[in-house]
Each structure stands twice: as C-alpha cells, then as structure tokens.
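> Quick one: sequence and predicted model below, then my questions.
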Amino acid sequence: MDAEAARLATSPQTLSLLASLPPYEGDQALTLAQHLRDRGADADVVSAALTQSRLRAAARAKFGDFAAGMLFSPEGLEQSTRLVVAAHHAQRYRSAGVRTVADLTCGLGADAMAFASLGLGVLAFELDEATALLAFHNLRHWDDARVVHADAMETLARGDIDVDALFADPARRNAHGRRHDPRDYAPPLSDVVALRTRWPLVGIKVGPGIAHEDVPQDAEAQWVSVDGDVVEAGLWMGGLARHHEHSALVLRGTEAHVLDGSPVPGEPGPIGAYLLEPDGAVIRAGLVGPLAERLGARLLDPHIAYLTADTHIASPFATSFRIVESLPYSDKRLASALAARGVGTAEIKKRGLDVDPAVLRRKLKLKGDASATVILTRIGESRVAFIAERV
C-alpha cells in the first residue's frame, strides 16, 4: 500500500462507508461494490472501504474484536504481532517499572496498542509513510501514544528520545521474501542490540528461526507458540529478562504457560506405552531435554524431539499419544498394519525421516472406519513407525 492509498483509507468518506458495511463476505463483494456505486458512492472510496472490510475480517484471527476499529495493509497485517502476544510483551515492560517506551518499528501499531493499554507512554516510530498513517488511526484512542513518521535509528543517534525502554520489531521481509539472517534485518539486529549501552531495557521481536548462536549474551530468548503454531521469538535484555537464558511461552486459548532453562540434551531410554510430542516453542528453544526431566520422560533418540513415558503425562508443553503398535518402518509394513486395524483416516507425523506425508498417504490406500495417528521417526539407525491415538 502506498501513501496515497493510505490517505484514502483514512479519509472521512472511506471511514464513514466502512462503518456502514455489513460483515464481509467474499462471494458478495463484487455485487455489494456495484450496488454502492449505483447509489452514487465514489468508486475509489468503495474499493478502499471493501479492501479494509476484507482485511478486518482476516485480522480477527490476530486482533479479535479490536480488528473492527483498525485499518490495515496486507503486508502490515501479515507481519503484525498477534494482540495476545503483544499483551505479554507489554506486561514485561510494566513489570520492569517502565513508564515510557519507544517502539522503533511500530508497523500497524499492535505492540504500541498493547503498551498504551497498560498505561505506558508510547513513542511509535514508523519509517513507511503509508504504514505510519494507518498506525496513527489505530492508536487514536490513546492520548499517551504518539506516532512519528521518521527513522528511529537516526533519531536515536541524535539523542532526541527521552524514554525508559526500547522495543523493536525489525523488518524480516523484502521483495525477495523472508530474511532469516539477523544481519539482513532492517534495522540489523546487531544495531538494535547495541542500543542497550544507552537504554539497558531493550526488547526485540525476531523470527522464530533465529539460531541460538545469534542470541545476544546476557539476554533471555523466548520462543512463542499460539495454539500450537510457533509465531515468533523475543529477545529481552536488562530488567525485561524474567527467566533463564532460554524460555518457551505456550499460549493455548486463554491460558499461558512458560518453560525455561538451559538448552541441554536429555537422556534417551526405552520405548514406553506413551509418546509425547513437545510443543514447537519448546523445540525451538532447545528445551526438550529440560522438559523430559521435568516430566520424568525419556527421549526416543538424543537427536529427535520425541519423548516417551510409561504412563500418561498431561502437560501444556507436549501432546500425548498412546502407542497402539510399533513396527520397523516400511511403506508395505505400515499399510498392512493399518489395513488390519481398519484405519481409513490417518494423521501422519514424521521427524528425522525424509518422508513426504502426502505421497505416503496415497501409497497407504487407507480404507475403513477407524482413525489413528501415524508417527514416523528414527531411533539410532532404525526407522520406526508408531500407530497411536491422541490422549
């Protein structure tokens, strides 16, 4: 979205029309657009309003009811922080005694909204003019939140900012796709980390694929999952760090659970009656070993993120499966075992094996009324298939 499109989206005419629209339905959008134009509405205004209506509908997954009062760009929505995660970011700052925070790369303003909702004064920088206009609209309800269309790093270099703490969500995408190397972030991760020499309280949202060796010294790295999907990692410095060097924040519905520790390997052991699949945030944080110790479980293999136990263990950090049958893995053996059990519906999971689940599913030719979870993995040099059921 360019600045002209953002100005149109934030215009009184577009906002008025947007407020009058029914809930967005994709198959009715063209008919509705024609109806509005026939009634005399400006075609550009209609297009802008329907675009925002569509984006608001898509944004409910991240922002819930807040989406109904926000404006978006497609790229901004894709990169924005989920509001439930932003709330946890903001809570760190309030718990650390922060009163004012500079959001160096505010985007559409999700994190800035969370900061402001907890009563923090927010100085929200955005380099892109169009995004800054949308952020200004999204933060309009908070008197202590100010959007600045400027380069935050240049402003910081001039020493023009008087705040208690900093937050940054560096851009990790350009025209060529995602940028996984922290040196390619905009601004580069090292430049943001260097700011802690002047502002000790620094928080940085990074991609969940960040390598452990890229985590700054004396920082807490926390990987976050929402309802089973790993969505981000955060680097927390100074008084914002609340846990050990690595942690995993697992958000499921309205519940939040934190596992922390040092990324140390766990002990492998014999196959038990149950298999546990750690949450993705636990795996990314390197905390499979500490989780095994906490649960009294064992690793199937030192290099594979599956655990096993003799009894059922309920944990927010892992999904539990009861092992129905285990067998050396081959397509034919597995197909035969599933056919014998009348399995017509199978969830296929794999780790440590080069297997395409979609291709395997066609080979299995599943038939029957039963369902099962198929887990394919490696234990040492052996390829193993488990037929299991979710607990």
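It's in. Numbering: from 1, shown residues only.

> and the residue nearest the centre of the chain, what does it touch?
With distances taken as Cα atoms, centre = their mean, Val231 lies nearest the centre of the chain, 1.5 Å away. Counting by Cβ atoms under 8 Å, 6 or more residues apart in numbering, Val231 touches 82, 85, 208, 224-225. Backbone N, C-alpha and C define where each C-beta goes, glycine included.

> right, and the secondary structure at Arg378 would be what?
Applying DSSP: H, G, I helix; E, B strand; the rest coil to Arg378 yields a three-state assignment of strand.

> Could you report the neighbour count for it?
18 (other Cβ atoms under 10 Å).

> Let me see the confidence value for the residue lying closest to it once chain neighbours are set aside.
Leaving aside its sequence neighbours, Arg378 sits nearest to Gly352 (Cβ to Cβ, 6 or more residues apart in numbering; 3.9 Å). Looking at Gly352, its pLDDT is 93.

> Identify the residues contacting Gly352.
301, 303-304, 377-378.

> Who are the contact partners of Ala165?
93, 96, 98, 100-102, 199, 201-203, 240.

> Looking at those residues, state which has the most neighbours.
Gly203 leads these on contacts (other Cβ under 10 Å) with 29 neighbours.

> The stretch of helix or strand that one belongs to packs against which elements?
Here Gly203 sits within strand 202-206, counting by DSSP states H and E. Packing contacts for strand 202-206, counted by 3 or more Cβ pairs under 8 Å, 6 or more residues apart in numbering; DSSP states H and E, involve helix 83-95, strand 165-168, helix 189-193, strand 229-237.

> cutoff 10 Å now
On a contact count with 3 or more Cβ pairs under 10 Å, 6 or more residues apart in numbering; DSSP states H and E, strand 202-206 meets helix 83-95, strand 165-168, helix 189-193, strand 219-226, strand 229-237.

> Could you give the separation of the longest one from the chain centroid?
It refers to helix 83-95. Averaging C-alpha positions (Cα atoms, centre = their mean, to the nearest Å) puts helix 83-95 14 Å from its chain's average.

> After it, which helix or strand is next?
Following helix 83-95 toward the C-terminus (DSSP H and E): strand 100-103.

> Parallel or antiparallel, list what pairs with that following strand.
strand 121-125 (parallel), strand 165-168 (parallel) (DSSP bridges).

> where's the residue nearest to the centre of the chain relative to Ala309, distance?
Noted for Val231: a distance of 28 Å to Ala309, by Cβ to Cβ, to the nearest Å.

> Same question for the strand or helix carrying Ser53: list its buried residues.
Using DSSP H and E, Ser53 falls within helix 43-63. For helix 43-63, the neighbour count (16 or more other Cβ atoms under 10 Å) marks 45-56, 59, 62-63 as buried.

> wait, Asp310 sits on Leu295?
No - between Asp310 and Leu295 there is no contact under Cβ atoms under 10 Å: 11.5 Å.

> Just give me the neighbour total for Ser382.
Quick note: Ser382 (other Cβ under 10 Å) scores 10 neighbours.

> related to what we said a few turns ago, if you compare the strands paired with strand 100-103, which one is most tucked away?
strand 165-168 (a mean of 27; mean count of other Cβ atoms under 10 Å).
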